[in-house]
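Chemist: please find the sequence and the predicted model below.
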Amino acid sequence: MVEREQDEWIFSTPPAGESPEDWAPTGIDVTVPSVARVYDAILGGKNNFAVDRAIADEALKDLTNEGAWANRHILARGVRYMASAGIDQFVDLGSGLPTVQNTHEVAQQVNPNAAVVYVDNDPIVLAHGRALLAENHRTRVVTADLRDPADVLARPELRELVDLTRPVGLLLVGVLHHLADHEDPAGLVRAYRDALPPGSYIFITHFCDSTPEGRALEKIFLSRLGSGRFRALEEIEGYFDGLELVEPGVVLLPLWRPDEPVTEPLTPEGHLSVGGIGRLPR
């Protein structure tokens, strides 16, 4: 069952007196944290377990969840920008659990015929995504590993909606920082870039190693979650090699085409991540 309550998607809410652990999908180990569920917990969602909430609580001990919401807000602004530029098919890699202003909702507000494919390797994302999208025939959820671009882009359920001979909006929002250095995130972006046609866009947000608060948060994520690396701005900018950067370039999330005036100086949470969009030249 899916219901809408106070602008938040709630999935299979447990009966009174039962914890989420009591209704975990079969095959989910509730003692192992998940990137998608920790992010959900930081955002204040309900689709997480005690192990995820413990990490979220530690991460938020000296910070608010403003940084996580900044990532959600730039996702909406970036998708709206690409859809307004004529992109009508999107692939959201490492999409995580549904929350407010999901990619398909934003894109389809601009163009009701926009197609969106969500890709994640967490089975709980598939379960919840299918419930949310049961009646949305222009959207799919695919369980796959984004570290294998050839497999992801060849999936029949993706190819049913996405025509790789036409421009695509590819999202790597809050994802690449969960790849270790030896997994070559820059090479992964190149592989996707080389598989997309001219006129496509690549949208990236990433933790940035620029403040003491960020470095402290990195230690928590790496020790408790096993991922969440804060990289230098120059390294993140390198992910856009071969692309034409959309103004204002790769900047702190609140500063990327804000909908409203931004109060500066930014809070520590506003300095945690940077993001930008690049376009493949025609």
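Modeler: In hand now; what should we look at?
Chemist: just the helices in the stretch 151-282 of the chain please.
Modeler: 156-159, 185-195, 212-220, 233-238 (DSSP state H, counting those that start in this stretch).
Chemist: what does the third one contact?
Modeler: Surrounding helix 212-220, the residues in contact under the criterion Cβ atoms under 8 Å, 6 or more residues apart in numbering are 55, 58-59, 62-63, 207-209, 228-230, 268-269, 271-272. From N, CA and C alone the C-beta is placed, and that goes for glycine too.
Chemist: got it, and the shortest one?
Modeler: When contacts are defined by Cβ under 8 Å, 6+ apart, helix 156-159 is touched by residues Val91, Val117, Val119, Arg140, Val142, Val152, Leu153.
Chemist: next SSE downstream of the strand or helix carrying the third one?
Modeler: Taking DSSP states H and E as the criterion, Val119 maps to strand 115-120. Beyond strand 115-120 in the direction of the C-terminus, DSSP H and E gives the next helix or strand as helix 123-132.
Chemist: check the offset of that next one from the chain's centre.
Modeler: 15 Å (Cα atoms, centre = their mean, to the nearest Å).
Chemist: residues of stretch 98-116 that come out buried?
Modeler: Across stretch 98-116, burial judged by 16 or more other Cβ atoms under 10 Å covers 98-99, 102-108, 110, 114-116.
Chemist: can you redo these as CSV with distance to Ala180 and secondary structure?
Modeler: Shown next, in CSV, are the buried residues of stretch 98-116 (distance: Cβ to Cβ, whole Å; DSSP: H, G, I helix; E, B strand; the rest coil):
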residue, distance to Ala180, secondary structure
Pro98, 27, coil
Thr99, 26, coil
Asn102, 28, coil
Thr103, 26, helix
His104, 30, helix
Glu105, 32, helix
Val106, 30, helix
Ala107, 31, helix
Gln108, 35, helix
Val110, 36, helix
Ala114, 33, coil
Ala115, 32, strand
Val116, 28, strand
